[in-house]
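1. I'd like to go over a predicted model; first the sequence, then the structure.
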Amino acid sequence: MSSPNTSKRLYCARCLRPQRTCICQWVTPLEHDVEVLFLQHPLEVHNAKNSARLLHMSLPHSRLVVGETFSAHELQALLYAPFDSANEMHASDKTAYPILLYPENSEEQGLIALPPVAQIPSEMRIRLIVLDGTWRKSRKMLYLNPLLQQLPRLTLRDPPSSHYRIRKAHKADQLSSFEATCYALMQLEENIEKYKPLLAAFDGFVAQQQAHVGMQADMQEHE
């Protein structure tokens, strides 16, 4: 007679992580004016180092959708249709104005510059589009989805160094999706202080991940 499997992990239904590494304590709800749409690469969904879901859970006017390639009809709706969450009812009276958070690249051609925020019509609501994945994966997502290439682009102005010490960056100025989105919101809303609590929560998340990795290493050494 076989014994029941007692090694099955229990997962948090909210953050989708194993309960022993649940990150819900770092969720920091914050009201914000700019909507955020995270387009998350499928390989990021179960990556313990991923930070986008934590930020999504903290931003009530955000949405997270998983995929690499989207049909033109689906992406059009994601970019422009009102979010259907109960928390998004405030946005239904304004048309979305999507802009893509994407770094400057001298190799890119035909970039559409973002007009000054003051010039965006008041009847429109800015929707920040964030490609959540490695640099290679996010670049691939951009080229697989022509509608994304047509969006005005936002690049960050002199962002601080990353605190994302749990993931290797290919360039010194690369940031996590969490950090880059926070700095973009600071820039668009012209409010730095407002988003500092989120960055403090991010530091707590990183510290938790580092501690977990350290515990795993110690356990392996004693096996």
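-> Right, received. Where do you want to start?

2. Find the residue at the geometric middle of this structure.
-> Central residue of the chain (C-alpha atoms, centre = their mean): residue 52, 3.6 Å from the mean position.

3. Next one: that residue relative to residue 94, how far apart?
-> 24 Å (C-beta to C-beta, to the nearest Å). In this view, the C-beta of every residue, glycine as well, is placed from N, C-alpha and C.

4. wait, what's in contact with the residue nearest to the centre of the chain?
-> Contacts for residue 52 (C-beta atoms under 8 Å, 6 or more residues apart in numbering) come out as 38, 40, 44, 64, 130, 132, 177, 178, 181.

5. now with 10 Å?
-> Shown in contact with residue 52 (C-beta atoms under 10 Å, 6 or more residues apart in numbering): 36, 38-41, 44-45, 62, 64, 130-133, 176-178, 181.

6. which of these are buried?
-> 36, 38-41, 44, 62, 64, 130-133, 176-178, 181 (16 or more other C-beta atoms under 10 Å).

7. From those, which land in helices?
-> 177, 178, 181 (DSSP state H).

8. Just say helix, strand or coil for residue 188.
-> Put simply, residue 188 is helix when judged by DSSP: H, G, I helix; E, B strand; the rest coil.

9. Kindly provide the distance from the closest residue to residue 23 other than its chain neighbours to residue 186.
-> Excluding its sequence neighbours, the residue lying closest to residue 23 (C-beta to C-beta, 6 or more residues apart in numbering) is residue 15, at 5.0 Å. Noted for residue 15: a distance of 24 Å to residue 186, by C-beta to C-beta.

10. Could you do residue 137 as well?
-> Computed as C-beta to C-beta, the residue 137 to residue 186 distance reads 25 Å.

11. quick one: which of these two has more around it?
-> residue 186 (20 against 17; other C-beta atoms under 10 Å).

12. Settle this for me: the more buried one is touching residue 156, isn't it.
-> Yes. If you go by C-beta atoms under 10 Å, residue 186 and residue 156 touch, sitting 9.2 Å apart.

13. Look at residue 189 and say how many residues are nearby.
-> Residues lying near residue 189 (other C-beta under 10 Å) number 15.
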